[in-house]
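J.: show me how the following folds:
(one chain, ligands or ions: 1)
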Amino acid sequence: MHDIVLTTFNARYAHTALGLRYLLANLKEWQPKARLLEFVINTNVAEAAEAILACNPKIVGISAYIWNANEVRELVEIIKKIAPQIWVVLGGPEASHLPHRVDFGKADVIIQGEGEVAFYNLVTQLLTTSEPPQHRISASPVDMKTLILPYAFYTDHDIAHRTCYVEASRGCPFSCEFCLSSLDKKVREIPLPLFLDALETLWKRGVRNFKFIDRTFNLSIATATRLLDFFLAKEGEYFVHFEVIPERFPEALKERIARFAPASLQLEIGIQTLNPDIAKGIHRKLNIPKIAQNLAFLQEHTHAHLHVDLIVGLPGEDLGNFGRNLDMLQSLTQCEIQIGMLKKLSGTTLSRHDEEQGMVYADTPPYEVLQTQDVPFAAMQRMKRFARFWDLVYNSGNFKKTAPKLWRNGKVYAGFGAFSGWIYSQTESTWQISLDRLSWLIFTYLITQMHEDESFVKGLIIEDIMAVPGRKLPKFLRENTPESNVFKTQPSPANKRQRKHTAQAQ
Ligand code: SF4
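T.: Okay, the predicted model is just below:
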């Protein structure tokens, strides 16, 4: 039996809820009475409620995020129907900012902001007094010097099987309007010696996969170099992930990043747009020559795995402009390019563009843009599919040699856009396309639409597929199968359906 249950729905089993561990670590004398229960978004919500209620808690603290807001709403409703005496407390980014577009009205208390101290105070009030709590608590940013670090609450099982998130600082001094981190301008660091001790303890416990959630790892170069030195001094295999801004790679950082072994370092680099006017319109800094110079350095002189991102649907940006961004970015780096749709998060100032730019967003999570003055709904839908096929074909790394044949003369956006439209006409879906089928579709497109040489394309696809040891070639590429000798376009589901309808009509 536990008086306090801390819970959430993670996006995947491998993800761990760092926020809940922070709450638990800072519960002081209430900690022995508290229990952490993590679920995954595809957990049946009633079963999650059953597991929580089996602890017979007095207080249930739930973290709400953009990916689990609906599950959290349902969970709150079930708990309050079955056990109305339980205090249900919500926190997390999705609960922290108004308006709530998912109805959290059944929760007893909503903590807005950083919850570690506020949740402790609330628990103390609820367990020791009869004073009713405020419905909404506005929590101030916590003091990073007195905050108790949460890493002891990674279990041995977490360490062996899941990702361990770590955090050296909170906040971001920049003002990108779409981003919640822009609200927390004052960057606050965990005292570095304390944090390095925590990393060392995690290392000794066997953690080898560290994901930093700091929004701008390369903001303080003094801190960043100490952290890189920590990892460079270690032997054996490990993997570290940092989010960085692209403009800021002084020599001290470059030199260290260049010393990381292959497959040990990943840098997530936010680009979002390469158009200075669009960047200015959303208060985002942009220094293209610096970005080009740093990407070239990272690509040519380091083994770091790079991951850059672009956003579709920014206020004032049409698809021609987005296309130029993609063409330019792909010419600068051949790393993974994540294409995401703009999301309007409560609490950000993005809504100031709504009227002037004709911005229309979905009212349900993840609140993606549906259309803008410059990108009508149908074109936005096409871009969603573009992004999905881009992930399957380009970002997956499964077609490293073949994918660049989908465009000519550096016109990545135009070439891949034509492919994306064609493949969707064949599949009528962007999901559940096996690697074999995808290979066949790419092959068919390159032969029939791009008029490439059949044996040349086969050779490229064979090289790509067999780059991963243990893979079997798709049937059409194997020797002595009917598919290997005769090129024929397989009927698409649309064609099949049409044929069926025609047959029925006859
Ligand atoms: S997008 Fe990145 S740089 Fe901009 S405010 Fe957010 S965290 Fe900071």
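J.: make it CA atoms for all contacts and neighbour counts henceforth
T.: Fine.
J.: and L370, that one's in a strand?
T.: Yes: L370: assigned to a strand according to DSSP: H, G, I helix; E, B strand; the rest coil.
J.: so what's it closest to, chain neighbours aside?
T.: Y361 (5.1 Å; C-alpha to C-alpha, 6 or more residues apart in numbering).
J.: contacting residues around the one you found?
T.: Neighbouring residues of Y361 by C-alpha atoms under 8 Å, 6 or more residues apart in numbering: 343-344, 367-371.
J.: so which of the residues you listed is surrounded by the most neighbours?
T.: Counting neighbours by other C-alpha atoms under 10 Å, the top entry in the contacts of Y361 is K344, with 24 neighbours.
J.: these two touch, right, that residue and Y367?
T.: Yes: look at K344 against Y367 with C-alpha atoms under 8 Å: they come within range, at 5.6 Å.
J.: just give me how far the host helix or strand of T7 sits from the chain centre.
T.: Per DSSP states H and E, T7 falls inside strand 4-10. Computed by C-alpha atoms, centre = their mean, to the nearest Å, the separation of strand 4-10 from the middle of its chain amounts to 21 Å.
J.: follow-up on the earlier one: just put the contacts of Y361 in a markdown table and tack on pLDDT.
T.: Shown next, in a markdown table, are the contacts of Y361 (pLDDT from 0 to 100):
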| residue | pLDDT |
| --- | --- |
| K343 | 98 |
| K344 | 97 |
| Y367 | 97 |
| E368 | 98 |
| V369 | 98 |
| L370 | 98 |
| Q371 | 98 |
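J.: among these, which one lies nearest to R352?
T.: K344 (11.0 Å; C-alpha to C-alpha).
J.: show me the chain divided up by domain.
T.: 4-138, 163-375, 384-506 (automatic domain parsing).
J.: mean pLDDT lowest for which of those domains?
T.: Sorting the domains of the chain by mean pLDDT places domain 384-506 lowest, at a mean of 85.
J.: tell me which parts of this protein are close to the ligand?
T.: Residues of the chain lying close to the ligand by C-alpha under 6 Å from any ligand atom are 172, 174-176, 179, 181-182, 215.
J.: only whichever of those residues are buried, select them in ChimeraX.
T.: Listed next is the ChimeraX selection for buried residues among the residues of the chain next to the ligand, using 16 or more other C-alpha atoms under 10 Å:
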select :172,174,175,176,179,181,182,215
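J.: now the residues of the chain next to the ligand in a markdown table, with secondary structure?
T.: A markdown table is the format used below for the residues of the chain next to the ligand (three-state DSSP):
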| residue | secondary structure |
| --- | --- |
| C172 | coil |
| F174 | coil |
| S175 | coil |
| C176 | coil |
| C179 | coil |
| S181 | helix |
| S182 | helix |
| R215 | coil |
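J.: and the residues of the chain next to the ligand, which is closest to T129?
T.: Closest to T129, out of all of the residues of the chain next to the ligand and judged by C-alpha to C-alpha, is S181, at 35.5 Å.
J.: which ones are touching that closest one?
T.: Contacts of S181 by C-alpha under 8 Å, 6+ apart are 171-172, 215.
J.: now do the contacts for the residue in the stretch 201-350 of the chain that the ligand sits nearest to.
T.: Closest contact between the stretch 201-350 of the chain and the ligand, by C-alpha to the nearest ligand atom, is at R215 (4.6 Å). Counting by C-alpha under 8 Å, 6+ apart, R215 makes contact with 170-172, 181, 243-244.
J.: rerun at 6 Å
T.: By C-alpha atoms under 6 Å, 6 or more residues apart in numbering, the residues touching R215 are E243.
J.: out of the contacts of Y361, who's nearest the ligand?
T.: Taking these together and measuring to the ligand by C-alpha to the nearest ligand atom, the closest member is K343, at 12.2 Å.
J.: does that closest one touch P365 like I think?
T.: No: the pair K343 and P365 fails to qualify as a contact (C-alpha atoms under 6 Å) at a distance of 8.9 Å.
J.: what is the longest helix of this structure by residue count?
T.: helix 412-427 (DSSP state H).
J.: tilt between the helix or strand that that one is followed by and helix 412-427?
T.: Per DSSP H and E, the first helix or strand lying C-terminal to helix 412-427 is helix 435-448. With axes from the mean of the first three to the mean of the last three C-alpha atoms, to 10 degrees applied, the angle from helix 435-448 to helix 412-427 works out at 120 degrees.
J.: name the residues that touch helix 435-448?
T.: 452, 474.
J.: other residues contacting the next helix or strand after that helix?
T.: Sequence order places helix 454-466 as the next helix or strand after helix 435-448, per DSSP H and E. Helix 454-466 is contacted by residues 399, 402 when judged by C-alpha under 6 Å, 6+ apart.
J.: kindly recompute the last result at 8 Å.
T.: With contact meaning C-alpha under 8 Å, 6+ apart, helix 454-466 is reached by 398-402, 439, 443, 446-447, 471-473, 477.
J.: list only buried entries from those residues.
T.: 398-402, 439, 443, 446-447, 473, 477.
J.: distance check, L329 against H301.
T.: In this view, L329 and H301 are 18 Å apart by C-alpha to C-alpha, to the nearest Å.
J.: which one's more surrounded, the two?
T.: Neighbour tally, L329 and H301, criterion other C-alpha under 10 Å: the higher count belongs to L329, 23 against 14.
J.: give me the neighbour count for the nearest residue to W422 once chain neighbours are set aside.
T.: Leaving out its chain neighbours, the residue that sits closest to W422 by C-alpha to C-alpha, 6+ apart is Y445, at 7.9 Å. Residues lying near Y445 (other C-alpha under 10 Å) number 18.
J.: follow-up on the earlier one: let's have the domains of the chain in TSV, adding distance to Y151.
T.: Below are the domains of the chain laid out as TSV (distance: least, C-alpha to C-alpha, whole Å):
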stretch	distance to Y151
domain 4-138	7
domain 163-375	7
domain 384-506	32
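J.: pretty sure Y154 is in contact with C164, am I right?
T.: Yes: if you go by C-alpha under 8 Å, Y154 and C164 touch, sitting 7.5 Å apart.
J.: what sits up against stretch 280-293?
T.: 174-178, 246-247, 274, 276, 279, 315, 332, 350.
J.: ok, which pair from the residues you listed is furthest apart?
T.: Among those, L332 and L350 lie farthest apart (C-alpha to C-alpha), at 28.9 Å.
J.: higher neighbour count, those two?
T.: L350 (19 against 16).
J.: show the backbone phi and psi for that one.
T.: Backbone geometry at L350, expressed as degrees, to the nearest 10, gives phi -60, psi -30.
J.: and P250, by the same measure?
T.: phi -70, psi 170.
J.: and for the one 4 residues further on?
T.: For K254, the backbone dihedrals (degrees, to the nearest 10) come out as phi -60, psi -50.
J.: the one 10 residues further on too?
T.: As for S264, its main-chain torsions (degrees, to the nearest 10) stand at phi -110, psi -10.
J.: dump the residue contacts of it.
T.: By C-alpha under 8 Å, 6+ apart, the contact set of S264 is 237-240, 304.
J.: can you pull out the helices in the stretch 251-400 of the chain?
T.: Assigned by DSSP state H, counting those that start in this stretch, the stretch 251-400 of the chain shows helices spanning 251-257, 276-281, 288-301, 319-332, 354-357, 377-390.
J.: neighbours of S220, how many?
T.: Residues near S220, counting by other C-alpha under 10 Å: 13.
J.: so how far is P173 from it?
T.: Counting by C-alpha to C-alpha, the gap from S220 to P173 is 11 Å.
J.: what's near enough to touch E189?
T.: 144, 168-170.
J.: swap that for H305, please
T.: Applying C-alpha under 8 Å, 6+ apart to H305 gives the contacts 263, 265-267, 335.
J.: alright, calling it a day.
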